[in-house]
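Novice: please find the sequence and the predicted model below.
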Amino acid sequence: MDKNAVAVPESPVSSPQPPRRSSAGAILTLVNGVLAGVGSVYVGTHSVLITVIAAVVATTLAAVLILQR
C-alpha cells in the first residue's frame with residue numbers, strides 16, 4: 001500500500017428505496033411557477049405568440065416532471 005493512499009471504508013449495501021410520489025404542495029408549487037413564468041414572458045415581450053409557446057413548453061415540462069415521479 002502506498003504511504004499516500006487513504007483507506008476508504010466500504011459503504012453498507014442499502015436497500016432500494018420505494019418510488020417517491022409527488023405531494024400536493026410540490027405540484028402546487030410547480031403549477032404556480034409555470035403560471036408566474038408564463039405571465040412574466042408576456043410582460044417582458046408583449047407577444048401573444050411567444051407567450052403561447054412558453055405556455056406549451058412550461059406545461060410540457062411540468063407534465064414530464066409530475067409523471068417522472
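Specialist: Perfect, I can see it now.
Novice: quick check, central residue of this structure?
Specialist: In the chain, the centroid-proximal residue (Cα atoms, centre = their mean) is Leu65; its distance is 5.8 Å.
Novice: so where does that one fall, helix or strand?
Specialist: Assessed by DSSP states H and E, Leu65 sits inside helix 48-68.
Novice: which strands or helices does that helix pack on?
Specialist: Helix 48-68 is packed against helix 24-45, with contacts defined by 3 or more Cβ pairs under 8 Å, 6 or more residues apart in numbering; DSSP states H and E. From N, CA and C alone the C-beta is placed, and that goes for glycine too.
Novice: so what touches the helix it packs on?
Specialist: 48, 50-51, 54-55, 58-59, 62, 65-66 (Cβ atoms under 8 Å, 6 or more residues apart in numbering).
Novice: just give the closest residue to the residue nearest to the centre of the chain, not the sequence neighbours.
Specialist: Leu30 (6.5 Å; Cβ to Cβ, 6 or more residues apart in numbering).
Novice: ok, that neighbour - how many residues close by?
Specialist: 17 (other Cβ atoms under 10 Å).
Novice: hmm, back to that, okay, buried residues for the helix holding Leu65 please.
Specialist: By neighbour count, with 16 or more other Cβ atoms under 10 Å as the criterion, the buried positions of helix 48-68 are 51, 54-55, 58, 62.
Novice: number of nearby residues for Val38?
Specialist: Using other Cβ under 10 Å, the number of residues around Val38 comes to 19.
Novice: hang on, the earlier thing: redo the contacts of helix 24-45 as a markdown table? Include pLDDT and distance to Leu35.
Specialist: Shown next, in a markdown table, are the contacts of helix 24-45 (pLDDT from 0 to 100; distance: Cβ to Cβ, whole Å):
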| residue | pLDDT | distance to Leu35 |
| --- | --- | --- |
| Val48 | 94 | 16 |
| Ile50 | 93 | 16 |
| Thr51 | 93 | 12 |
| Ala54 | 92 | 11 |
| Ala55 | 92 | 9 |
| Ala58 | 90 | 9 |
| Thr59 | 90 | 10 |
| Ala62 | 88 | 10 |
| Leu65 | 84 | 15 |
| Ile66 | 83 | 15 |
